[in-house]
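Engineer: need a 3D model of the following:
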Amino acid sequence: MGVIHKIGRRKTAVARVYVSEGTGKITVNKKEFTTYFPTATLQYKVLQPLSMTENAENFDVKINVYGGGTTGQAEAVRMAIARAMCEVDIENRAILKPEGLLTRDPRMVERKKFGQKKARKRFQFSKR
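Structural biologist: Have a look, this model is predicted:
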């Protein structure tokens, strides 16, 4: 097996993931992944596809991620790793698909409109 390259996206975050056989080392933007994603929730999101397919100790994962916030980046990484796990073994698709890890979340931030305070909020109107 060579290096598997996959891309995951969420909101404006884009994650490029390179999966190769190894000992379970995960690096994000040349940092240890626990320092890049400090909270337990974000770490769980990143490790979710690896732990569901029971491959957490079998592969080294190198990740480049940019754009968006920390949650969007973690979910983009999760999607990219899930896509890579499907390429490693086709049976992993049956495990990951029902959990929604292979589906791109289409929700984006709605743009601010002209003449309004925010995307939906209007300026206050008074009758005086």
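Engineer: and Ile26, what does it touch?
Structural biologist: Neighbouring residues of Ile26 by C-beta atoms under 8 Å, 6 or more residues apart in numbering: 32-33, 46-47, 60-61, 63. Placement of C-beta: from N, CA and C, glycine included.
Engineer: how about Ala56?
Structural biologist: Counting by C-beta under 8 Å, 6+ apart, Ala56 has contacts 24, 47, 50.
Engineer: quick one: contacts for the last one?
Structural biologist: Residues near Leu50 by C-beta under 8 Å, 6+ apart: 56, 59, 61, 81, 85.
Engineer: run through the residues that contact Glu87.
Structural biologist: Neighbours of Glu87 in contact, by C-beta under 8 Å, 6+ apart: 4, 6.
Engineer: again but with Arg10, I slipped
Structural biologist: Arg10 touches 68, 72-73, 75-76, 79, 104-105, counting by C-beta under 8 Å, 6+ apart.
Engineer: let's see the distance spanning stretch 26-34 from one end to the other.
Structural biologist: One end of stretch 26-34 to the other measures 9 Å (C-alpha to C-alpha, to the nearest Å).
Engineer: go through it and flag the buried ones.
Structural biologist: For stretch 26-34, burial by neighbour count (16 or more other C-beta atoms under 10 Å) applies to 26, 28, 33.
Engineer: if we can go back for a sec, drop anything exposed from the contacts of Arg10.
Structural biologist: 68, 72-73, 75-76, 79.
Engineer: I figured Thr12 hits Gly72, correct?
Structural biologist: Yes - between Thr12 and Gly72 there is a contact under C-beta atoms under 8 Å: 6.8 Å.
Engineer: what is the burial count for the nearest residue to Glu21 once chain neighbours are set aside?
Structural biologist: Using C-beta to C-beta, 6 or more residues apart in numbering and skipping residues adjacent in sequence, the residue nearest Glu21 is Met1, 5.8 Å away. For Met1, the number of neighbouring residues by other C-beta atoms under 10 Å comes to 9.
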